[in-house]
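A.B. asks: everything below, folded, please.
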Amino acid sequence: MEFDVPAVSHDLEAALRDKIDHKTKPTGALGRLEALALQVGLIQGTLEPALRKPAIVVYAGDHGVTEDNVSPYPSEVTAQMVLNFLAGGAAINVFARQHGIELRVVDAGVVGDLPNTAGLLDRKIAKGTRNFVREAAMSTAQCDTALAAGAAIADELHADGTNVIGCGEMGIGNTSSAALLMSFLCDLPIEECVGAGAGLDGPGVARKIEVLRLAQARIQATLGTQPDPQRLLVECGGFEIVMIAGTMLRAAALGMVVLVDGFIASAALLAARAINPNVLGYCVFSHCSDEQGHRKMLAALGGQALLALDMRLGEGSGAALAYPIVVSAVAFLNEMASFESAAVSGKKEGG
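C.D. replies: Numbers count the residues shown, from 1 in each chain. All right, here's what the predicted structure looks like:
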């Protein structure tokens with residue numbers, strides 16, 4: 001599947017910088033808020049950007065690799081947590097309510113049967129992926145369907161007036177999928193990409209590394225060391241990760257601000273960037289996960305996170321917590337007085 005994502009236009013950059021620099025403050029005094037305001041203005045192509053109807057979409061899917069004991073939790077936790085999302089009891093529910101963010105929950109490929117309820121979007125590709133240690137996680141047709149499903153959700157939200165979107169995830173075993181994607185797409189040893197996930201101890205992490213080495217050897221024998229990104233998603237992706245990539249790419253094509261969550265969402269962005277590098281211009285990196293490897297992943301993406309709170313929860317929690325900072329950046333750009341309007345003397349010549 002192809003995604004036509006235009007590069008962010010820089011036509012207004014000089015005008016936006018001038019507007020920012022003439023606010024009643026020393027040049028650069030608002031630090032990274034100034035760069036953030038500039039980015040949102042460029043994405044929206046206006047000197048007066050606005051954030052409308054923010055939304056976070058949580059995609060849930062299961063992973064066949066869990067049968068190789070790469071997680072301390074059983075796969076049925078994925079379905080149980082989806083029910084918790086629907087009941088409003090998870091961290092992302094709390095943060096979304098707090099900050100006025102619409103939350104949508106998507107069954108991308110949960111093994112368990114979930115209720116037919118208005119609060120859940122049923123986009124189930126299959127009941128979990130296959131075990132990528134032994135075979136491709138999904139078929140090419142399933143990958144294409146998942147990319148299209150993620151893109152369609154971005155279309156639906158955009159049509160409803162949303163112009164800022166974040167993606168969260170839930171899926172026991174998905175840090176294994178993300179670590180493999182990172183190793184291939186960042187050209188890093190698997191050891192530098194694997195962490196504790198949902199809470200593995202030292203021996204558990206060592207076992208996870210060995211399992212993923214086996215998977216990597218199989219994939220390299222199939223695709224080579226630098227595989228096509230969509231073929232790589234077929235081999236070791238998760239349905240939720242593929243849908244996130246599709247959502248990010250389509251949201252960028254629609255000119256939306258994309259809030260990037262933690263380790264899993266960033267792995268989806270690695271794949272999305274490999275499909276179309278222009279997606280990065282629309283991305284705001286919300287937080288640096290405590291999951292091993294996320295700092296190197298952010299460095300590979302050229303991203304600097306707004307927050308570093310030692311979190312490794314997923315769910316889109318970091319995107320929800322970072323959203324008010326984006327609101328503040330837009331607010332100062334639009335509402336803060338300029339030296340001229342406030343009749344405040346500017347910096348002296350040569351000062």
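A.B. asks: give the rounded mean pLDDT of stretch 45-62.
C.D. replies: Averaged across stretch 45-62, the pLDDT comes to 98.
A.B. asks: ends of that stretch, what's the gap?
C.D. replies: Looking at stretch 45-62, the gap from its leading to its trailing residue is 39 Å under the measure CA to CA, to the nearest Å.
A.B. asks: same check on stretch 304-318?
C.D. replies: Start-to-end span of stretch 304-318 (CA to CA) is 13 Å.
A.B. asks: quick check: Ser9 touching Gly41?
C.D. replies: No - Ser9 is beyond contact range of Gly41, at 10.7 Å (criterion: CB atoms under 8 Å). Bear in mind the C-beta positions are built from the backbone N, C-alpha and C, glycine included.
A.B. asks: the more surrounded of these two?
C.D. replies: Taking neighbours as other CB atoms under 10 Å, Ser9 and Gly41 compare with Gly41 leading, 24 against 12.
A.B. asks: skip the chain neighbours and tell me the closest residue to the more buried one.
C.D. replies: Nearest in space to Gly41, with sequence neighbours left out and distances taken as CB to CB, 6 or more residues apart in numbering, is Leu16 at 4.5 Å.
A.B. asks: with Ser139 instead?
C.D. replies: Closest residue in space to Ser139, ignoring its immediate chain neighbours: Val234 at 7.0 Å, by CB to CB, 6+ apart.
A.B. asks: does Leu86 touch Gly119 like I think?
C.D. replies: Yes - Leu86 sits in contact with Gly119 when judged by CB under 8 Å, with a separation of 4.7 Å.
A.B. asks: give me the common contacts of those two.
C.D. replies: Taking CB atoms under 8 Å, 6 or more residues apart in numbering as the criterion, Leu86 and Gly119 both touch Val105.
A.B. asks: these two: who's more crowded?
C.D. replies: Between Leu86 and Gly119, counting by other CB under 10 Å, Leu86 is the more crowded of the two (17 against 13).
A.B. asks: next, the more buried one: phi, psi?
C.D. replies: phi -70, psi -30 (degrees, to the nearest 10).
A.B. asks: show me which helix or strand of the chain is least confident by mean pLDDT.
C.D. replies: Averaged element by element with mean pLDDT, DSSP states H and E, the chain has its least confident helix or strand at helix 202-223 (a mean of 93).
A.B. asks: helix or strand right after it?
C.D. replies: helix 229-236 (DSSP states H and E).
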